[in-house]
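Student: Got a sequence here, can you model it:
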Amino acid sequence: MRKGDWKAQVGQFSDREIARRFGVGATTVRRYRKANDIPEFRYQLELTQPLIDRLAEQTDYSLSKELGIPAKKIKEARTALGIPEPKPLRPRFQPLEEIWNEQTIALLGTMPDYELADRLKVSNYPIKAKRKELGIKAFEKPYPKITAKIAAEFGLTSDRILAERLGVSPSHIRRARLRWLVKNE
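Tutor: Alright, predicted model coming up:
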């Protein structure tokens with residue numbers, strides 16, 4: 001996708017979605033839309049009978065994730081139909097002693113605490129507590145080295161696109177770009 005193609009998509013997707021897809025600012029998209037009198041994108045939820053049946057069985061969050069529909073729209077439909085949101089079914093409490101074994105302890109510090117907690121289906125606190133108890137350092141994501149090849153893309157490719165490709169945050173790329181510019185002045 002070329003950067004100039006985003007203007008054709010305005011009004012067909014939300015400003016934020018266009019900004020995310022094309023690497024332009026959401027404010028830029030909004031200003032363009034308003035300057036050209038293009039109406040704001042409004043997601044319309046089609047209430048089919050299978051979806052109405054699922055509203056009684058699943059939470060707004062789970063339906064949103066599963067169907068790719070904004071949770072706000074699901075909640076609005078639920079309210080309009082008078083269908084209460086069901087309580088999420090949670091697994092019974094699992095004692096922490098059953099969680100810790102050689103394999104799970106070996107995973108401490110090899111990934112972010114929240115990721116391990118999600119994998120073990122516990123909260124973040126026991127993971128962090130166990131890691132500290134055993135003197136294991138928190139996971140630190142390795143950052144890629146900024147080479148001349150990557151630096152050649154500074155100013156030509158957006159920081160967000162570079163960040164996605166390298167698996168880091170856009171702010172990391174911005175700081176690296178600024179350091180590179182100062183270093184090479």
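
Student: where exactly do the strands run in this structure?
Tutor: With DSSP state E as the criterion, the chain has no strands.

Student: among the helices and strands of it, which has the poorest mean pLDDT?
Tutor: helix 96-99 (a mean of 76; mean pLDDT, DSSP states H and E).

Student: Return the list of helices and strands in contact with that one.
Tutor: Contact partners of helix 96-99 among helices and strands, from 3 or more C-beta pairs under 8 Å, 6 or more residues apart in numbering; DSSP states H and E: none. C-betas here are computed from N, CA, C, even on glycine.

Student: now S62: how far from L45?
Tutor: Distance, S62 to L45, by C-beta to C-beta, to the nearest Å: 16 Å.

Student: per-residue pLDDT, E185?
Tutor: We have a pLDDT of 66 for E185.

Student: Show me which parts of the helix ranked longest in the chain are buried, residue by residue.
Tutor: Ranked by residue count and defined by DSSP state H, the top helix of the chain is helix 170-183. Under the neighbour-count criterion of 16 or more other C-beta atoms under 10 Å, helix 170-183 has H172, I173, A176, R177 buried.

Student: picking up where we left off before, export the least confident helix or strand of the chain to PDB, keeping only CA atoms.
Tutor: Extracted in PDB, the C-alpha atoms of helix 96-99 (Å, rounded to 0.1, in the frame of the first residue of the first chain):
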ATOM      1  CA  LEU A  96      -0.400 -22.000  43.300                       C
ATOM      2  CA  GLU A  97       1.500 -25.100  44.600                       C
ATOM      3  CA  GLU A  98       0.000 -27.000  41.700                       C
ATOM      4  CA  ILE A  99       1.300 -24.500  39.100                       C
END
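
Student: Let me know how buried S169 is, in neighbour terms.
Tutor: By the criterion of other C-beta atoms under 10 Å, S169 has 15 neighbours.
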